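Student: Fold the following.
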Amino acid sequence: MSSLYVISGMAGMTGNEVARQLLRRGDHVIGFDNFFASSMDAISDIIDEPALLFFAYDLDNLAQMADISARVVERKGRYDRVVYINCAAVVHTEWFYNINATFDTNVVGMRRFLEQAILVGADVFINCSTSEVYSMRSWEEGGVRESSPVLIDTAEQSQRTSYAAGKLLTEFFMKDAVDKGLIAGCSIRFANVYSKNERFAKHIIPHILNSLERTGQVTLLENSRENRRTFLHNFDSCAAVLALVDAPGALDGSVYNVATDEEVTILDLVALCARLLGIDDVHVEFEGFRESDPKRRLLSTEKLRGRTEWMPVIALEEGIAQCVEHMRAGA
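Tutor: You can find the predicted model right below:
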């Protein structure tokens, strides 16, 4: 028999690709999304799959979540196991400063979804967290590790890190549930994930591509003069999710970094995007400054690679080339 997966935020950057990979390997999926930062376009290629049951539901709507629970209970006997994956998150940077929005979805919503998984007797819960939890200590030699102490700015410095604090709290809920023997699972701290299906130019890569394609220039924050990051294609981030689901020994409440080692400056990222768009002369303007934004974020994935066979397979240039092709195909 196959497995049943229940995915929140299924139309989002992580959820849609996780569902796609699951359906490809013969599993069944119940998914939902409120389309806060996504659209049906991202799942148009799989929405009619007979093994997918999708709903335009909101994680914070108790009646809708009760319906999801009832549907899982009705079906669970047909499957070898039931796996919950929480991909719902208020992730766009302008919402980092809205503590109420981030708390309701990222903390309260996650906890209720975890409680639902336990109540229906699910076997596994995967909690999608974020590398933002490292906040101001986002780099060390060899990459920051899961066991490294975090250094989060307080409200005196920036409301932005309320998002990181909330995501960090979800990791405690996850570990507590596993330690109590209620469910198996883990949390995943993703690096900067990007996707060809990203609808809104809120994250840095689609912002750069859309700006360059429209005007041949791009406006960046002042931070971008110095910042360095790694960027993880969502095919690789989702492959890591499934690698962990399929590694029972890794589901001990641990936290895992998922990232690449391909570090790049933001200015070099602009140059790469321009080259792939066929633009020779790029004008970059700098406007605004983001507080509590570390200059580097480099994660060690030694722990994940030691417990699974996961390795990233899509290099940055290949991934951005996919984004360019997809963007122009939809123009």
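Student: Please tell me how far Glu317 sits from Leu276.
Tutor: Separation of Glu317 from Leu276 (CB to CB, to the nearest Å): 7 Å. Placement of C-beta: from N, CA and C, glycine included.
Student: of those two, who's got more company?
Tutor: Neighbour count, other CB atoms under 10 Å: between Glu317 and Leu276, Leu276 has more, with 18 against 13.
Student: Which residue, neighbours along the chain excluded, lies closest to Asp45?
Tutor: Nearest in space to Asp45, with sequence neighbours left out and distances taken as CB to CB, 6 or more residues apart in numbering, is Arg20 at 7.5 Å.
Student: tally of neighbours for the one you found?
Tutor: Arg20: 20 surrounding residues under other CB under 10 Å.
Student: Wasn't Arg214 part of a helix?
Tutor: Yes - assignment of Arg214 by DSSP: H, G, I helix; E, B strand; the rest coil places it within a helix.
Student: tell me how far the least confident helix or strand in the chain by mean pLDDT is from the chain's mean position?
Tutor: Every helix and strand in the chain was compared by mean pLDDT, DSSP states H and E; the lowest is helix 99-102, with a mean of 80. In terms of CA atoms, centre = their mean, to the nearest Å, the gap separating the centre of helix 99-102 from the centre of its chain is 18 Å.
Student: Let me see the contact set for Leu62.
Tutor: Counting by CB atoms under 8 Å, 6 or more residues apart in numbering, Leu62 makes contact with Arg112.
Student: Which single helix of the chain contains the most residues?
Tutor: helix 162-179 (DSSP state H).
Student: mind listing what's buried in that one?
Tutor: Within helix 162-179, the residues that count as buried by 16 or more other CB atoms under 10 Å are 162-171, 173-175, 177-178.
Student: just to confirm, which helix or strand has Ile7 in it?
Tutor: Using DSSP states H and E, Ile7 maps to strand 4-8.
Student: What count of nearby residues applies to Arg75?
Tutor: 15.
Student: so it makes contact with Val6?
Tutor: No - when contacts are counted by CB atoms under 8 Å, Arg75 is not listed as touching Val6 (10.0 Å).
Student: Which neighbours do Glu317 and Leu276 have in common?
Tutor: The overlap between the contact sets of Glu317 and Leu276 (CB under 8 Å, 6+ apart) is empty.
Student: roughly how far is the helix or strand hosting Arg229 from the heart of the chain?
Tutor: According to DSSP H and E, Arg229 maps onto strand 228-233. Here strand 228-233 is found 13 Å from its chain centre; the criterion is CA atoms, centre = their mean.
Student: separation between Ser254 and Glu171?
Tutor: Taking CB to CB, one finds Ser254 at 9 Å from Glu171.
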